[in-house]
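Trainee: Give me the fold of what follows.
(chains A, B and C)
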Amino acid sequence: MNYYARRLLTLLLTVLFVLLLTFAAFRIIPGNPALVILGTEATDAQIALLEEKLGTDRPLAEQFADWLVAAFRLDFGESLRFSEPVTHLIAGRLPVTVSLAVMSLVLTIAVGIPLGIIASRARGKAADMLVTIGTQLGLAVPSFWMGIMLILAFGLTLKWFAVSTFTPWSENPWLAVKSLVLPSAALAVPQIAIVVRYLRTSMLEQLGLDYVRTARSKGLRESTVLYKHVLKNALLPVITIIGINFGELLAGSLVIEQVFTLPGIGSLLITAIGNRDYPLVQGLVVLIAFTVIAINFVVDLSYRWLDPKIRLQ
Amino acid sequence: MKRMKSYSLVLGASFVSVLFVVMLISLVYTPHPPNEMNIRERLQAPSVRHWLGTDNFGRDILSRVMVGSQTAFEVGAVSVAIGLLGGFLVGTLAGYMGRWVDELLMRATDALLAFPGILLALLLVSISKPSLFQTMLAIGILSIPSFARVIRSGVLQHKEADYVKAARGLGAGHANLIFVQIAPNIASSVVTTAALSFSTAILIEAALSYLGLGVQPPDPSWGRMLNEAQSYLAKAPWFTLAPGLLITLTVLGFNLLGDGIRDLRDKKS
Amino acid sequence: MREAAAIATEASLLDIRNLQIRLRRTRGAGLSVLDGVSLTVERGETIGIVGESGCGKSVLSLSILGLLPSAMRIGGGEIWYEGRHPLHTMTDRDIRAFRGKEIAMIFQDPMSSLNHGLTIGYQITETLRLHLGYSRKEARERAVWLLRKVGLPRPESLLREYPHQLSGGMRQRVMIAIAVSCNPGLLIADEPTTALDVTIQAQILDLMRQIREEDGTSILLISHDFGVIADMCDRVLVMYAGQIVESGTVDDLFERPLHPYTAGLLRSIPTPAKKNSPLYSIEGHVPALHERGAGCRFASRCAHATERCRTEQPELVAYRGGHAARCFLAEAEGGNRHAAV
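Mentor: Now for the predicted structure:
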């Protein structure tokens, strides 16, 4: 089978499985979901009304079929708490989360790649140890605690950034960026550690290849050899890693939004879970999972496009 | 490079052992009762009496982080056990049966992996009341795929090996093949996965508890301590330091341990 | 003909004198990789270096342009280019002006020696723009001309292609096009045909001969294959365990090998006549750096080794017509013999 057809089929299967899982999660709740939501003091009439609204009064297969159709149309019903369409609610919160994720992606690339190059220039026991400890620490620090520490350092002590206030883009773009600096830095720390680690390994691997000797024998400057010849090849696997980790970044932002009280989909999800607002939770989980799946798919394709070796086969 | 590798292992193993000993000590001794409130001593800076200071209820932070390590180890151990058991079932079934069973199970694990860990955990804890057990179950489930993959590839790799074929020829049963013939060969990859899953479990538990969706009072948790500490960040910055550092060091220890074991295995082969 | 040849002085194009290459960071006495290697390459001449792998042929070729692996360094001796450029003392910055411009290299495996992430066009024009200051357009035109010169079809579209899209023989042609792009005085070819099929080998050697005729380029050809050397070279140096053990014209070596190692190499050339007998190969292996004893380095594999060979190191002695050998047996007979095989 053609690679793309196969990849597309896998994508479809994954999407179906995600939908099955989110559907099943809310059907395996012990007892009646409506009862769980409303509590034991609810009247029969209230319960019947909610059951109808949730659709839990109908056969399972029928519910699942409806769920599939609705999900593909990105129609997740109405929020129980806010009485507004789920899609509408999510759309309102999306810009914050997306800008947070994009900003930490930019930070990851802007800091991680130069650091990785520097790390690959330093060889030997001491350098190895330093890089290992640095990257391992970066991976071990929980990003939400990193966020708290950044608030402590730059918000409370140095007072460079206002803490816990978000200015929307439409109001003042500069303040919006400013209010996203600390949270996106906190999110970027483990990603930077990963990039440094991968890029260093990848650079050292490339530097050992024959074409580097050819490049040097042509009389090129060491910097040309490094940036024009080696870096381009070494970046390929790193780009994939950055792409694949974008999902983790998105997930990390769910927690970081709480730390910095940013009005994104993370805080919406936590509120929804707290309120037992199942349609909203379902909608958010499916949307985030879809995004991650879609990004991985695109990364996979772009990797094939970036690598001339694969692209032209 | 060889030095470097054993160094990961040694450092990781020592971090983990120290933390483990602290956890054991906390079972029988803490400097103060961890839940003893003392409003007069609230939010005190570190002192001789309270080495790491006190929290907003005047509780001794050192005692509380010590007891918190019990939760961390419990969550890590139980969820790794769940992941291992589930991964074992899925992995051996997929590796052994092959064909469509393999295809189906592997697609399912792929889908599970498409969920970022914390999102899946949030989904699972959202369907009933947050509790310690619920947290461990959720984290356990999301660590199944990595175990399943390691075990499946181990089974596939060794299923056709000569010594396994020979044992099968001699009439060895499936259980014998899996536990006696194949298991020892994939033990080190499984241990590596276990160590890395352990650190992931601790990170996710901390995040869930920080969000108030994980471990609930009175069970102590580093993550929840961080949540409480954030409200007093300006007044009592030490409150946030101890639990945060402990999470970091524990995760670092298990990561180094996992990497060290993997490097040791790579070196052998 | 190159202009430089017109203003030719007495000096050889390349003159290597008593070159020592040592390992860095060795405890105790530094282990030497190359030991007192001397050679000259005259203008328009093709010199062959032959020997099994591990004899130091590639190290020698890399040392000329200061491309030694970081574990090795020049421990003594001199490398002169055109009699006035001391390559052995140059800083990396200074020697870069020679790399690819005055002296160019071709390596063994054309797949791994080209960068798989850059187009053929980029890899050719790079040197033209660097050393000759060509504009993008000029470099492109010259690249097309070069690709045509090395016998590649459809050069225009080839410029946009990547190395993996080409066959091994085509890749080696590209490598040669890159190497000759700045019209170098010396071309160092390190096992240029080893990774290729026999028919392609012959084509590549033809191409190198053609370059030599057209441009008057000198060639330093390194190979483990005596056949290739005999086919191409005027003079040959035989290397063994970091030393030159015999040197002379191709005819001298073929007809009157003085060193038992040379004789052994010659015997191991597959020829149609020997088709049905098992292929001869010299027993044993090239001694590693730490295995080199005090005596003749070939003694452990030599059928004629005496006690003296095992304890004392023979010198490289020149006989009639510049034919030289490093062997006590040859010394004893004044070079007037065929080395016993």
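Trainee: neighbours around residue A:221, how many?
Mentor: The burial count assigned to residue A:221 is 14, neighbours taken as other Cβ atoms under 10 Å in any protein chain shown. Glycine gets a C-beta too; all of them are placed from N, C-alpha and C.
Trainee: Give me every residue in chain C lying close to chain A.
Mentor: C:62, C:65, C:67, C:92, C:96-101, C:104-105, C:107, C:109, C:112-118, C:126-127, C:130-131, C:162, C:164-165, C:175, C:178 (Cβ under 8 Å from any Cβ of the partner chain).
Trainee: From the residues you listed, which land in strands?
Mentor: Per DSSP state E, strands hold the following members of the residues of chain C next to chain A: C:104, C:105.
Trainee: restrict the residues of chain C next to chain A to contacts with chain B.
Mentor: Counting by Cβ under 8 Å from any Cβ, no member of these reaches chain B.
Trainee: Distance check, residue A:158 against chain B.
Mentor: Residue A:158 is 13 Å from chain B, where distance means Cβ to the nearest Cβ, to the nearest Å.
Trainee: For that residue, the count of nearby residues, please.
Mentor: 9.
Trainee: now swap in residue A:58 and tell me
Mentor: 12.
Trainee: Pretty sure it sits in a helix.
Mentor: No. Under DSSP: H, G, I helix; E, B strand; the rest coil, residue A:58 sits outside any helix and is assigned coil.
Trainee: Who are the contact partners of it?
Mentor: If you count contacts by Cβ atoms under 8 Å, 6 or more residues apart in numbering or on different chains, residue A:58 has none.
Trainee: Residue ranges in chain C under the pLDDT threshold?
Mentor: Flagging of chain C using pLDDT under 70 yields the residue ranges C:1-10, C:25-30, C:272-279, C:335-341.
Trainee: Let me see the confidence value for residue A:264.
Mentor: Residue A:264 is assigned 91 on the pLDDT scale.
Trainee: Give me the phi and psi for it.
Mentor: Taking degrees, to the nearest 10, you get phi -110, psi -170 for the backbone angles of residue A:264.
Trainee: And the top helix by length along chain B, what's buried?
Mentor: Ranked by number of residues, the top helix in chain B under DSSP state H is helix B:61-97. By 16 or more other Cβ atoms under 10 Å in any protein chain shown, the buried positions in helix B:61-97 come out as B:61-76, B:78-80, B:82-84, B:86-88, B:90-96.
Trainee: do the same with stretch C:214-223
Mentor: The neighbour-count check on stretch C:214-223 (16+ other Cβ under 10 Å) flags C:215, C:217, C:218, C:219, C:220, C:221, C:222, C:223 as buried.
Trainee: Endpoints of it, how far apart?
Mentor: 23 Å (Cα to Cα, to the nearest Å).
Trainee: and the one residue sitting closest to the centre of chain A, what helix or strand is that in?
Mentor: Central residue of chain A (Cα atoms, centre = their mean): residue A:250, 2.2 Å from the mean position. Applying DSSP states H and E as the criterion places residue A:250 in helix A:246-259.
Trainee: With residue C:48 instead?
Mentor: Element membership for residue C:48 (DSSP H and E) is strand C:46-50.
Trainee: can you check residue A:23 too?
Mentor: Remark: residue A:23 resides in helix A:3-25, with elements defined by DSSP H and E.
Trainee: Okay, buried residues for that helix please.
Mentor: By neighbour count on 16+ other Cβ under 10 Å, the buried set for helix A:3-25 is A:10, A:11, A:13, A:14, A:15, A:17, A:18, A:19, A:21, A:22, A:23, A:25.
Trainee: Switch the residues you listed over to TSV; also include pLDDT and distance to chain B.
Mentor: As requested, the buried residues of helix A:3-25 are exported to TSV (pLDDT from 0 to 100; distance: Cβ to the nearest Cβ, whole Å):
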residue	pLDDT	distance to chain B
A:10	81	7
A:11	85	10
A:13	83	5
A:14	83	4
A:15	87	8
A:17	84	4
A:18	84	6
A:19	87	10
A:21	83	7
A:22	84	7
A:23	84	11
A:25	79	5
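Trainee: Return the residues of the stretch 101-250 of chain B in contact with chain A.
Mentor: Within reach of chain A by Cβ under 8 Å from any Cβ, the stretch 101-250 of chain B has these residues: B:107-108, B:110-112, B:114-119, B:122-128, B:199, B:203, B:206-207, B:210-213, B:226, B:229-230, B:233-234, B:237, B:240, B:243-244, B:247-249.
Trainee: Helices of the stretch 1-150 of chain A, start to end?
Mentor: Assignment of helices within the stretch 1-150 of chain A using DSSP state H, counting those that start in this stretch yields the ranges A:3-25, A:33-38, A:44-54, A:60-72, A:86-121, A:125-140, A:143-150.
Trainee: Over to chain B?
Mentor: B:2-28, B:61-97, B:99-114, B:117-126, B:132-142, B:144-159, B:162-169, B:174-176, B:183-210, B:222-230, B:238-268.
Trainee: Just checking, which helix or strand of chain A averages the lowest pLDDT?
Mentor: Ranking every helix and strand in chain A by mean pLDDT, DSSP states H and E puts helix A:308-311 at the bottom, with a mean of 65.
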